[in-house]
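1. build the 3D model from these lines:
(chains A, B and C)
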Amino acid sequence: MLYLFCGFYIHKRGFNMISEILQTLPQVLVDGLTLGAVYAVVAIGYTMVYGILEFINFAHGEIFMTGAFVGTSTLLIFNTAGLLSGMPGWVAYILILVTAMLFTGLMGVGIERVAYRPLRKAPKLITLISAIGVSFLLQDIVRFIADLKTGSFLVTGISLYNENVKIKTSSIWDSFDDAFLKTNSIIVLAVAVLLMIGLDIFINRTKWGVAMRAVAQDRETASLMSINVNKVIALTFFIGSALGGGTGVLFAQQYGTIDPYIGFILGLKAFTAAVLGGIGNVRGAMFGGLFIGVLEMFSAANLGIITSGNFGGEYKDVVAFIILITILIFKPEGLFGRAVKEKV
Amino acid sequence: MKKRKVIAALMISILTVSILAACGDSKESGGDATVIKIASQSPLSGGSSVQGEAIKLGGQMALDERKEEFKKLGFDLQFVPYDDQGDQKKGVANAEMIGADKAILAVLGHMNSGVSIPSSVVYEKYNIPMVSPANTATEVTDRKLKAVNRVVARDDFQGPAGAEYAVKTVAAKNIFVIQDKTSYGQGLAEAFKTAAEALGATIVGYEGITVGEKDFNGVLNQVLSKKPDFIFFGGLYNEGGLIVKQAREKGITVPIMGGDALDSSAMVDLAGDKLVDVLYSSVSTDMTKSNKDWADKYKETFDKSVENYSAYAYDSMNVILNGLSKAIEDNDGKLPAREKVRDAIRATTDFEGVATKVSFDDKGDNKYAKVFIYGFEGPTYPGTLISEIEQPK
Amino acid sequence: MNFMDKWKTKLQHLPTQASIYTLFVVVTALSVYFLDKSVVAFLLLLGSLLLLYFTSFKNSVKWAVGGILLFIVIPFATSGGLAHESYMEVATQCGIYIAMALGLNIVVGFAGLLDLGFVAFFAIGAYTYAIFATPQANNFISGQLFPLSGSSFWLFILIGGFVAALFGVLLGLPVLRVKGDYLAIVTLGFGEIIRIIFNNMEKPINITNGAMGLSSIQPPNLFGLKFTFPHQFYFIVVGILVIVIFTVRRLEHSKMGRSWKAIRENEIAAQSMGIPLIRTKLTAFAVGASFSGMMGVVFAAKQTFIDPTSFTLLESITILVMVILGGMGSVPGVILGAALVTILNLQVLTELTNWLNQLTMNGTISIPNALSPSKMQRFIFGAILVCIAIFRPNGLIVAKNRKVDAEQLKAERSHTPVPVGQSTGQSGGVAK
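-> Numbers count the residues shown, from 1 in each chain, chains lettered A, B, ... in the order given. Below you'll find the predicted structure:
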């Protein structure tokens, strides 16, 4: 039925629409994958915490944002200290990545200690409220530090790797236009993939990874098996937050300008990605992130064309939310998760 | 026993009243000169805080300069900045507080038209005049309120001015319009679009983006597919700067034009060396050239570089203070009533400010508001003046 | 007996309470009347309402005294100086938020459904009135009938409430099966979707005029009297508020209220006890939404201009903070929480900022601009949420369940006389 409908609609609107969509397809794909990689890594952070604690860390988006700020300010400090001209670009990049990841990882552990651990026995509602509170606190703290230092909370950093690369996709097929790629996009993709592979290895091949999976499966039994549950949870938060913070640096480098409010909507979309892939499932989160990234780019570029101007690109956020709602209503365990029956 | 209770109760109440009285008193300022306060309302927090802050500082500078003048007349002039956070509820609540403060005789502000419109209803009730250095939406003065004035050009003048320039001078035929879905951005974009179409250009795309967005690849991909020869952006510098940067990075080389909200040093911060071939319309002359001394003094006083809104605010404050002094004069040197100040301000004619000349018409619009077209040819602010367009008489 | 015990027993004595209380009200009312723009006095006067709650008068006496305070004392006390309208404006906004918080309290506090998109219903109510009270509706209904005159306002309060309730049901239907944290996110998504839709609904048909907003909304009109001043809206708001509070209390102690609380505690157990989940949840959404909708209509009429920027996520979180701070499920708590947060936002923070500004300009102390209190709104909300969650999850005024005496019930059922002097104990709280 769906195919028939699509076919009929395309026929009615004419092939002009198709050719317009096809033209920008390579560029859309490129942009979508970059954005999707960011979503994917942030989604992993959400999914890891949920797997262990069965609780959505609302503040994760803000941890991402803090990572972006830490990375940018470190780079600016390097610059004013004159160090930047001395080192090659990739050294600086790695340095700020590591700094940001360490900082946000520790921050994540700290937040868990202060705001979530006292509430482990409390009803979920209260923990969620605490998380919302932490999220707001972080937003404002970063805001007034930025405001204090620079007079405005919008911070523009120095972008390493700013050059453009042209991918001649038009030579593959006539209907494609060329795609432009920032060098940084390649870095974003590469780093994201590296982080994901690293995490995969960690979870599946190391002792700590096994411990994490055990605690995620059944916390009480795991503690009986002499696993220090508190330590494992702290480690989970550390890794999840570090991943989020690292992605923040990537984001800051990609877009150049950041403000304290980027974490929120991005966190929401990353959460959608985590849910789409199956909450608790790391590989699912990766897939979910990429999918949502590409879909968002596609709708931003083409919704106007498809609906002949009635619903334009400003609805792209709505697309992400609708996916979220649909998944939660019809298949709450996500594409790759397993349905869990609620036990009494 | 009963007597003791009564005495105890009496003592408690005396104590309470005195505490309350003390708290109340500490809010009123002492001194033998009559206090006149001028309030300002602008977003000091939130996305437009750079410009909101500039409005506050511009007004403050003007007021501080003329404090002596009013002291000689026997009045202690004070400046009370309020933060409306760009939110109309806050703006209205602040407006009520301003109305309640007898000493406040005029308001400088707001920046967002969407906040001015409901707040001005409150000002009208209290007969407090308002002079806006930034509102461009036509609705603000179209309601013909006596209290509302503005020194900047309206959207329905700025938009067509930009369109004229685009179609006649740059010879643009296919224009892609982007707007930020706020009352300012959309209003300007609509005015531009209508005028451009009337002049014969084709609008190949009309897309909206969200304020706060950082990733404009979606809409820019559309631009790539439609291949226009000119882009117009109705919106604020936060998004404008990023759009310019990302467009240039994508290989879009056509001229991009915006409105007076792009008239800010933040464009340089945001777009860096990608800031080429970008035009913007503005209501004021280039401060650093036409009035370098003023710009330098501003920088010295506040340690911040001058924004164009600082200049508009400076002029608006001077318009207010001129009206105030005239009203005092007409009242034989005594404190004038708010209505008199309001009428005196509305009657401003041929005031020469640092940024613009001001004469209010019967709706509160500035007859002399000119539109200037500037161009950014690199990462320096302000851009170079390209052309001046006067209001049709 | 030591001093404190003596005082405590004295305070139990009703006449003593009455006299101290009346004294307090009179003192604060007079201070508000005579002192110009004293925020402290105004807060204390409002505090007298809170004190009323803690006194041990009979319920009907409390209602009567409350009514006198709200309808007579407060309006007259504040009419002393020029700050009259300012006080009334704050009180009116308080009233609007109290009603919305009570609505959210039904959904979150009673039924345990965490709704983070609550401001959507407020928006729906506001736009319902605004579309028809401005020429906007002429865009899609032909005939130049609009704007409707202000006398339709009173009807629109009901219509607005109804439309919002309808949307509450519509939004509630898909999310019935979603639980806990997920429900929060889904409702957040819905709230954002509604805002984006309102922001963009000017094509293909111009329904909401998008980001430009709707202006020149007709003020309410009662037999020729136009309501434009805050002190007039104050009475409308208080009137609606009285109805809302009354409804909430009745619902709380009814079968529906108990069903809601049962669902909050344990859904599956409630279901097995025969409570129809769907109907109960939808009723919670509908009733909560209707309060918001009604206040939305009042808001639109008061501001005479609305646009989508008044209905953001921050608003939903603000209302949530009010409910949490006051005490989930506790009606007096929520009222207190709403009043506190609104006054904090509108008056206290602004006055504090102005005071600090004065000090900075006089050169006494220098607080950098970035730390100014009115900008710290999110920080304060966040801190409140975290502290309450960790230290006092039940909020300021804990929700109380009416304990019913089993003996008395049995006796009533079998119509036998029962010894007088039973006290109904109190217990409760949402979080243990």
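2. list the contacts of residue 194.
-> Since no chain was named, I'll use chain A. Contact analysis of A:Leu194 by CB atoms under 8 Å, 6 or more residues apart in numbering or on different chains lists nothing. From N, CA and C alone the C-beta is placed, and that goes for glycine too.
3. nope, chain B please
-> B:Gly159, B:Pro160.
4. give me the pLDDT value at it.
-> If you check B:Thr194, the pLDDT there is 91.
5. go on, C:Ala262?
-> Predicted confidence (pLDDT) for C:Ala262: 90.
6. output the longest helix belonging to chain A.
-> helix A:15-53 (DSSP state H).
7. how about that one and chain B, touching?
-> Yes - for helix A:15-53 and chain B, the contact criterion (CB under 8 Å from any CB of the partner chain) is met by A:Glu20, A:Gln23, A:Thr24, A:Gln27, A:Val28, A:Asp31, A:Leu35.
8. top of the residues you listed by neighbour count?
-> A:Asp31 (31 neighbours; other CB atoms under 10 Å in any protein chain shown).
9. that residue contacts A:Met297, correct?
-> Yes - A:Asp31 is within contact range of A:Met297, at 4.8 Å (criterion: CB atoms under 8 Å).
10. tally up the residues packed near C:Lys403, please.
-> 12.
11. moving C-terminal from the longest helix of chain A, which element do we reach first?
-> Of the helices and strands lying after helix A:15-53 in sequence (DSSP states H and E), the nearest is helix A:60-80.
12. buried stuff in the helix or strand that that next one is followed by?
-> As assigned by DSSP H and E, the chain's next helix or strand after helix A:60-80 is helix A:89-111. Residues A:92-93, A:95-97, A:99-101, A:103-105, A:107-109, A:111 are the ones in helix A:89-111 that count as buried (16 or more other CB atoms under 10 Å in any protein chain shown).
13. flag every residue of the stretch 101-250 of chain C that's near chain A.
-> So far as CB under 8 Å from any CB goes, the stretch 101-250 of chain C lies against chain A at C:108, C:112, C:114, C:174-175, C:177-178, C:180-182, C:184-186, C:188-190, C:192-193, C:196-197, C:199-200, C:203-204.
14. ok, and what's touching stretch A:144-156?
-> So stretch A:144-156 is contacted by A:69, A:72-73, A:142-143, A:256-260, B:49-50, B:53, B:238, B:266, B:269-270, B:272, B:304, C:368-371, C:375-376, C:379 (CB under 8 Å, 6+ apart).
15. could you give the separation of it from the chain centroid?
-> With CA atoms, centre = their mean, to the nearest Å as the basis, stretch A:144-156 stands 24 Å off its chain's centre.
16. quick one on the thing from earlier: just curious, which of the residues of helix A:15-53 next to chain B is nearest to C:Asp307?
-> Distances from C:Asp307 to these, taken as CB to CB, are shortest for A:Leu35 (29.5 Å).
17. run a quick neighbour tally on residue 114.
-> Just so you know, I chose chain A. Residues near A:Val114, counting by other CB under 10 Å: 13.
18. sorry, I should have been clearer: chain C.
-> The number of residues near C:Leu114, taken as other CB under 10 Å, comes to 25.
19. now do A:Leu224
-> If you count neighbours by other CB under 10 Å, A:Leu224 ends up with 9.
20. one more: B:Ser48?
-> B:Ser48 has 27 nearby residues by other CB under 10 Å.
21. grab the nearest non-local neighbour of C:Val244.
-> C:Ala99 (5.0 Å; CB to CB, 6 or more residues apart in numbering or on different chains).
22. and the one you found, how far is that from C:Tyr234?
-> 13 Å (CB to CB, to the nearest Å).
23. would you map the strands across the stretch 251-400 of chain C?
-> Ranges of strands in the stretch 251-400 of chain C, per DSSP state E, counting those that start in this stretch, are C:305-306.
24. picking that back up, please name every helix or strand in contact with the helix or strand hosting the residue nearest to C:Val244.
-> In this structure, C:Ala99 sits in helix C:84-104 according to DSSP H and E. Applying 3 or more CB pairs under 8 Å, 6 or more residues apart in numbering or on different chains; DSSP states H and E, one finds that helix C:84-104 contacts helix B:88-100, helix C:39-54, helix C:74-78, helix C:230-252, helix C:277-303, helix C:313-326, helix C:331-343.
25. what parts of chain B come near chain A?
-> B:47, B:49-50, B:53, B:181, B:205-210, B:212, B:214-215, B:217-219, B:221-222, B:224-225, B:238, B:241-242, B:245, B:249-251, B:266, B:269-270, B:272, B:304.
26. which residues touch the spatially closest residue to C:Lys261 that is not a sequence neighbour?
-> Nearest residue to C:Lys261, sequence neighbours excluded (CB to CB, 6+ apart): C:Phe110, at 6.0 Å. Contact analysis of C:Phe110 by CB under 8 Å, 6+ apart lists C:Glu252, C:Gly257, C:Trp260, C:Lys261, C:Arg264, C:Ala284, C:Gly329.
27. and the stretch 51-200 of chain A, which residues reach chain C?
-> So far as CB under 8 Å from any CB goes, the stretch 51-200 of chain A lies against chain C at A:55-56, A:115, A:118-119, A:122-130, A:132-141, A:143-144, A:147-148.
28. ranges for the helices of the stretch 51-200 of chain C?
-> For the stretch 51-200 of chain C, the helices defined by DSSP state H, counting those that start in this stretch cover C:59-68, C:74-78, C:84-104, C:119-133, C:153-172, C:180-200.
29. mind giving me the packing neighbours of the fifth one?
-> Packing partners of helix C:153-172 (3+ CB pairs under 8 Å, 6+ apart): helix C:119-133, helix C:277-303.
30. for the last one, name the packing helices and strands.
-> The helices and strands touching helix C:277-303, judged by 3+ CB pairs under 8 Å, 6+ apart, are helix B:88-100, helix C:84-104, helix C:119-133, helix C:153-172, helix C:230-252, helix C:255-265, helix C:267-272.
31. that helix: which residues count as buried?
-> Buried residues in helix C:277-303 (16+ other CB under 10 Å): C:280-303.
32. could you tell me the angle between it and helix C:180-200?
-> 40 degrees (axes from the mean of the first three to the mean of the last three CA atoms, to 10 degrees).
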